[in-house]
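# Fold the following and give me the result.
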Amino acid sequence: MKNILLFGLIICCFVSCKKKKPESIVSTKNEIVIGKLDSVYSNILDETRELWIHIPESAKDSTSHKIKYPVLYLLDGSSKFSSVTAIVEHLSRNFIVPEMIIVGITNTNRTLDLTPPEVGHGIISRNGIQNPSGGGNNFFDFIERELTPYIEKNYPATKHKTFVYHSLGGLSVINALVNRQELFNNYIAIDPSLWWDNRAFLNVADSILSVNKFDNRALYLGVANTLEAGMEPKLNIDKIQNDDIPETPSTFHIKSILQFANSLETKKDNKLLFEWKYYAKDDHGSIPLITEYDGLRFLFFLV
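Predicted structure coming up:
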């Protein structure tokens, strides 16, 4: 309901203003421009973070300077910025979602930023170096105390915020929902790494989701088909959920997510608006685009 009201108010503002240009992805000087680079220095992280920013074209119209927009915060900003911007532009032109400011946050140490505290180990990278982990609280402090105030001061942003990402970023999305729910209104977790720390975080999250209330919060969860090729029945989600597929290192990821989804479906009293989908024909790499599309439709149109 909150999202319907938000969308309605924004649409009313658009109707009252001069008709905007049909595209907010604009061309100038023989270039197609979908955003701008910005940055913010973080005292909390002790470094400068690059930001990829998309602003709706209607925000540049002098007659609509009073319009403010919800903000979509996107992890691993540079890698998914163009696809998310295109989806939001398409859906907003068809009045399925409101126009949004998109803030792509770059990571300097992805494993550190996106994992909850504290495990006794990191992740071994391809070059054999152990990446530090457990910096999720500092990263959320940066978002709350430095990044969000900067965006709201320098851009026409409302306080309505959506948090999106994939894999370890999806783990961060669930962590924010569970432990820092004041930061965001909407969440899209794409094939999240809920296997993290041998499911220790998953078990803590399950306990918190059982006892706390999540009024005016919504989560869309996308689950990829990460079973090994040839594993039968490959596309039968019921068989996976019912433990007909054995738990092995290769199934630990998907079974962790399904444990979370099935448990959350039983928690009707926590007031969280929740939907999830298994994408049988998409693997861990191909799932982001379709989940971003379906998730935004769920959060803003189908509620």
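
# Show me which strand runs longest in this protein.
In the chain, with assignment by DSSP state E, the single longest strand is strand 157-166.

# counting contacts, what elements does the helix or strand following that one pack onto?
For strand 157-166, the succeeding helix or strand toward the C-terminus, using DSSP states H and E, is helix 168-179. Identification of packing neighbours for helix 168-179 by 3 or more Cβ pairs under 8 Å, 6 or more residues apart in numbering; DSSP states H and E yields strand 69-75, helix 110-114, helix 136-142, strand 157-166, strand 186-190, helix 200-211. For every residue, glycine as well, the C-beta is placed using N, CA and C.

# Other residues contacting the second one?
Identification of contacts with helix 110-114 by Cβ atoms under 8 Å, 6 or more residues apart in numbering yields 75-76, 107, 122-123, 131-136, 139, 168-169, 171-172.

# Then the third one?
In this structure, residues lying in contact with helix 136-142 by Cβ under 8 Å, 6+ apart are 42, 44-45, 49, 112-117, 172, 175-176, 179-180, 183.

# Equivalent analysis for the first one, please.
By Cβ under 8 Å, 6+ apart, the residues outside strand 69-75 that reach it are 6, 10, 52, 55-56, 59, 80-81, 84, 88, 98-105, 107, 113-114, 143, 147, 151, 155-158, 160-166, 169, 172-173, 184.

# Show me what the helix or strand following it is packed against.
Where DSSP H and E defines the elements, the next helix or strand beyond strand 69-75 is helix 77-93. Applying 3+ Cβ pairs under 8 Å, 6+ apart, we find helix 77-93 packed against strand 47-54, strand 69-75, strand 101-105, strand 157-166, helix 287-300.

# Can you mark which positions in helix 77-93 are buried?
77, 79-81, 84-89, 91-92 (16 or more other Cβ atoms under 10 Å).

# hang on, the earlier thing: from the contacts of helix 110-114, which would you call buried?
Using 16+ other Cβ under 10 Å, the buried ones in these are 75-76, 107, 122-123, 133-136, 139, 168-169, 171-172.

# Quick one: low-confidence residue ranges for this structure.
For the chain, the stretches with pLDDT under 70 are 1-29, 62-65, 118-130, 229-245, 302-303.

# repeat that with 50
Applying pLDDT under 50 to the chain picks out residues 1-2, 4-5, 7-24, 121-122, 124-129, 233-234, 302-303.

# ok, so what distance separates the residue nearest the centre of the chain from Asp141?
The C-alpha lying nearest the average C-alpha coordinate of the chain belongs to Val164 (Cα atoms, centre = their mean; 0.9 Å). From Val164 across to Asp141, the span is 20 Å (Cβ to Cβ, to the nearest Å).
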